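Peer 1: what follows is a predicted structure for the sequence shown.
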Amino acid sequence: MGYRPTHVLGAHLSVAGGLERALLEAGALGCECVQIFVKNQRQWRAGPLTADQIERFRQARNAMCVTPVVAHASYLLNLASPDKQVRQRSRDAMIDELERCEALGVDYLVFHPGAHLNAEVQSSKSKDRKQSRGCEGAGSGLSNVDCRLSNERTHIQKAIPRPFFEWVRGSQFDI
């Protein structure tokens, strides 16, 4: 195993003009790592990644030797929303984010889990299971993206030690 520094310097760079542009700019700036959005961060939907986009991204990453590559999920996500439609939309968008990261070979995904918006916290495990139905089986092949959950108010950060979708199904976002 080679030398791995404990701190790396990078930047959150624009993907305007193509996802690979951020990697090329990171290399030109001398960044050791980079953070990007893998889709528009202010929209729920995005067109699928093409094979050409994925190949250009992977080639740029190899050429620039920028690692790790970190993606930031959409600001719209609210996985803790008491509103069933918002929660389901957030889950669908999160699955899309993870699938994009997997396709591109992104190492980490940063996301804000959302807020319960002062709604009554449900304590029943059956209610939790009912609410988290909809993610079952989704994204089961996504094992290469490391998700870290961060609660900014208390400055707690926990690595999620099991596959993300198992965590979603089993915990009702208990941080």
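Peer 2: That came through, no problem. Numbers count the residues shown, from 1 in each chain.

Peer 1: apart from its neighbours in sequence, what residue is nearest Leu13?
Peer 2: Nearest non-adjacent residue to Leu13, counting by CB to CB, 6 or more residues apart in numbering: Ala22, 4.0 Å away. C-beta coordinates here come from the backbone N, C-alpha and C atoms, glycine included.

Peer 1: the one you found - how many residues pack around it?
Peer 2: 27 (other CB atoms under 10 Å).

Peer 1: what's near enough to touch it?
Peer 2: Leu13, Ser14, Val15, Val34, Ile36 (CB atoms under 8 Å, 6 or more residues apart in numbering).

Peer 1: tell me if it really is in a helix.
Peer 2: Yes. Read with DSSP: H, G, I helix; E, B strand; the rest coil, Ala22 is one of the residues of a helix.

Peer 1: strands of this protein, start to end?
Peer 2: Applying DSSP state E to the chain gives strands spanning 10-12, 33-36, 69-72, 108-111, 146-151, 156-159.

Peer 1: may I ask which helix or strand of this protein has the lowest mean pLDDT?
Peer 2: strand 156-159 (a mean of 35; mean pLDDT, DSSP states H and E).

Peer 1: next, the buried residues of the biggest helix by length in the chain.
Peer 2: In the chain, assigned by DSSP state H, the helix with the most residues is helix 84-104. Going by neighbour count (16 or more other CB atoms under 10 Å), the buried part of helix 84-104 is 86-87, 89-91, 93-104.
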